[in-house]
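Q: Only the shape, not the letters, is given here:
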């Protein structure tokens with residue numbers, strides 16, 4: 001059974017799928033023929049679904065991606081330019097959360113939206129670890145605090161720049177400057193030897209970050225946690241990621257406690273035109 005399925009009755013021979021295939025794996029012998037895969041197409045196909053998505057006639061399917069299983073694009077749901085600008089400018093890093101646990105089904109839905117983020121060659125190698133309780137996040141943050149104490153003892157140059165002695169003092173007083181008492185933490189991990197792991201994970205977490213407000217949730221990149229996950233064996237053991245995987249990004253997440261009422265300013269874009 002071949003990978004590509006084209007409904008001859010629906011196909012209009014317009015060549016759109018041929019033009020849009022990222023790897024040029026489709027061809028048309030002449031203007032009246034239906035598209036056909038080139039030699040070795042199935043071996044090189046990355047299963048991105050462009051051919052299925054771009055056909056306006058619903059004529060194209062892959063064996064594992066049938067046309068009828070792919071929902072249609074709804075033009076009336078696209079945001080206008082002003083809406084997009086407002087949406088992106090109103091995005092905030094949230095560090096103050098309600099004392100409320102995140103429902104697992106809600107977090108699951110959010111992550112399942114973020115999984116549609118683009119990945120290198122559609123490899124989809126980003127995996128997820130969700131810590132869904134404030135207690136669990138606090139335990140992880142405690143391991144990060146241990147690394148910070150170690151860095152202070154070793155007189156690491158980062159300790160003064162990031163005022164780490166004050167962080168330890170705050171932690172020991174019951175505060176949490178590491179994960180901000182967040183009720184949840186979402187970690188993106190991928191194979192260490194995958195060249196695009198860092199980029200793909202960052203894009204996936206950005207999708208999650210931008211989608212979170214629709215769920216009433218706020219997020220913040222967990223920078224100190226990410227640093228520790230890369231270098232601190234006790235935290236790496238606690239994460240217990242699959243063999244060969246590493247953490248390539250993490251976000252605190254929880255119900256936003258306060259609303260924001262203004263769009264703060266930023267520097268003008270520094271653009272070089274060629």
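A: All right, it came through fine. All of these numbers come straight from a predicted model, not from anything done at the bench.
Q: make it CA atoms for all contacts and neighbour counts henceforth
A: Noted.
Q: Please name every helix or strand in contact with the longest strand seen in the chain.
A: As assigned by DSSP state E, the longest strand anywhere in the chain is strand 245-255. Here strand 245-255 touches strand 184-191, helix 197-211, strand 217-221, helix 223-231, going by 3 or more CA pairs under 8 Å, 6 or more residues apart in numbering; DSSP states H and E.
Q: So which of the ones you listed is nearest residue 80?
A: helix 197-211 (16.5 Å; CA to CA).
Q: Would you mark the buried spots in that closest one?
A: By neighbour count on 16 or more other CA atoms under 10 Å, the buried set for helix 197-211 is 197-198, 200-211.
Q: By mean pLDDT, which helix or strand of this protein comes out lowest?
A: Ranked by mean pLDDT, DSSP states H and E, the helix or strand of the chain with the weakest confidence is helix 158-161, at a mean of 92.
Q: Now do whatever helix or strand comes next after that one: everything it contacts.
A: Going down the chain from helix 158-161, the next helix or strand is helix 164-172, by DSSP states H and E. Helix 164-172 has contacts (CA atoms under 8 Å, 6 or more residues apart in numbering) with 145, 148-149, 152, 158-159, 176-178.
Q: One more: stretch 139-153?
A: Here stretch 139-153 has contacts from 159, 164-165, 168, 171, 176, 178-179, 224-225, 228, 232, 234-235, 238, using CA under 8 Å, 6+ apart.
Q: one more time with 6 Å
A: 159, 228, 235 (CA atoms under 6 Å, 6 or more residues apart in numbering).
Q: Can you tell me the SS state at the last one?
A: The one in question is residue 235. The three-state label for residue 235, taken from DSSP: H, G, I helix; E, B strand; the rest coil, comes out as helix.
Q: confidence score at it?
A: Listed pLDDT for residue 235 reads 98.
Q: need the contact list for it.
A: 143, 229.
Q: Let's see that with 7 Å instead.
A: Residue 235 is in contact with 140, 143, 228-229, counting by CA atoms under 7 Å, 6 or more residues apart in numbering.
Q: And for the first one?
A: When contacts are counted by CA under 7 Å, 6+ apart, residue 159 touches 151-152.
Q: separation between it and residue 145?
A: 12 Å (CA to CA, to the nearest Å).
Q: Same question for the last one.
A: Residue 235 sits 10 Å away from residue 145, taking CA to CA as the criterion.
Q: and residue 70, which of the helices and strands packed on strand 245-255 is closest to it?
A: Using CA to CA, the helices and strands packed on strand 245-255 put helix 197-211 closest to residue 70, at 20.1 Å.
Q: tilt between the closest one and strand 217-221?
A: 150 degrees (axes from the mean of the first three to the mean of the last three CA atoms, to 10 degrees).
Q: other SSEs contacting helix 197-211?
A: In terms of contacts (3 or more CA pairs under 7 Å, 6 or more residues apart in numbering; DSSP states H and E), helix 197-211 is packed against helix 104-114, strand 184-191, strand 245-255.
Q: What average pLDDT does that helix get?
A: On average, helix 197-211 scores 98.
Q: on that earlier part again, which pair in the contacts of helix 164-172 spans the largest distance?
A: 158 and 176 (19.0 Å).
Q: quick one, which of the two is more surrounded?
A: residue 176 (18 against 12; other CA atoms under 10 Å).
Q: Tell me the pLDDT of the more buried one.
A: For residue 176, pLDDT reads 97.
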